[in-house]
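Engineer: structure here, sequence nowhere to be found:
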């Protein structure tokens with residue numbers, strides 16, 4: 001084990017452990033809400049650091065997540081903060097709640113982490129209601145799995161994929177957050193571009209890619225017609241893919257390329273799952289605000 005990691009581990013273990021981590025977190029969040037963000041930033045940073053250290057000490061789950069990071073001195077970016085689980089014969093839930101740590105912009109950090117916790121708590125509560133209804137009506141099967149994946153983590157960009165999957169009907173949703181760690185902001189497509197011309201340019205490129213894929217691979221299917229497409233595969237005009245949204249889901253990959261993403265059923269049949277298109281930088285270079293993110 002790295003000597004630096006061992007030393008940090010000893011320092012964490014020397015910190016007093018609170019009786020209940022959830023109580024500490026909830027009190028901190030309540031204080032944030034009632035103060036109207038008037039407390040000093042340095043105090044907020046200290047409180048966030050204390051909560052994180054307490055979490056490492058009091059939760060084996062969090063400690064395991066931290067242990068997977070090669071060097072703690074490089075700062076932990078994303079950890080599994082909380083888990084909601086149910087493991088019964090015909091009812092399964094495995095929900096992992098991510099938390100972004102060590103952002104200097106505590107407002108952004110708290111906002112993201114509150115969102116992650118609230119969404120997953122709602123997912124779990126809804127699932128448990130479904131389970132109760134099934135049990136009260138003779139039983140059945142239900143399952144849900146939710147987690148996250150760090151798509152990119154470099155000196156500047158942190159891109160996180162969050163997913164929810166029903167293990168019964170395979171329904172799935174995917175959400176992305178891309179953070180500029182240097183400037184401490186959450187990135188959106190409109191932020192990256194000078195104007196809305198990127199919408200048409202990217203949409204036309206994606207349409208061409210969809211057609212090319214369908215022509216060369218019979219397993220590919222998108223909501224788009226093209227000359228020569230089999231009659232049985234044609235779809236109505238109003239059902240065809242028209243354009244990306246101005247705030248379409250995306251992330252920036254490790255090669256500094258823009259990746260446009262479509263949720264399940266958004267661009268094609270459910271069997272296509274999450275659909276991604278890597279956009280050539282030269283296609284949008286003139287529309288970009290700069291080349292700091294996309295190169």
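Structural biologist: Structure received. Note that this is a predicted model, so its numbers are computed, not measured. Numbers count the residues shown, from 1 in each chain.
Engineer: what kind of secondary structure is residue 146 in?
Structural biologist: Three-state assignment for residue 146 (DSSP: H, G, I helix; E, B strand; the rest coil): strand.
Engineer: check contacts around it.
Structural biologist: Applying Cβ atoms under 8 Å, 6 or more residues apart in numbering, we find residue 146 in contact with 94-96, 120, 123, 162-165. Bear in mind the C-beta positions are built from the backbone N, C-alpha and C, glycine included.
Engineer: residue 256 now?
Structural biologist: 281, 293-295.
Engineer: sorry, back to before: most neighbours among the contacts of residue 146, which one is it?
Structural biologist: residue 120 (23 neighbours; other Cβ atoms under 10 Å).
Engineer: how much space separates the nearest residue to residue 284 once chain neighbours are set aside from residue 174?
Structural biologist: Of all residues not flanking residue 284 in the chain, residue 198 sits nearest, at 5.4 Å (Cβ to Cβ, 6 or more residues apart in numbering). Counting by Cβ to Cβ, to the nearest Å, the separation of residue 198 from residue 174 is 21 Å.
Engineer: looking at the two, which has the bigger crowd around it?
Structural biologist: Comparing residue 198 with residue 174 by other Cβ under 10 Å, the one with more neighbours is residue 198, at 23 against 20.
Engineer: which strand or helix spans the more buried one?
Structural biologist: helix 197-216 (DSSP states H and E).
Engineer: avg pLDDT for the helix or strand following that helix?
Structural biologist: Next in sequence after helix 197-216, counting helices and strands by DSSP H and E, comes strand 250-252. Average pLDDT, strand 250-252: 98.
Engineer: so what touches the helix holding residue 198?
Structural biologist: So helix 197-216 is in contact with 189, 192, 220-222, 224, 226, 228-229, 241-246, 260, 267, 277, 279-280, 283-284, 287, going by Cβ under 8 Å, 6+ apart.
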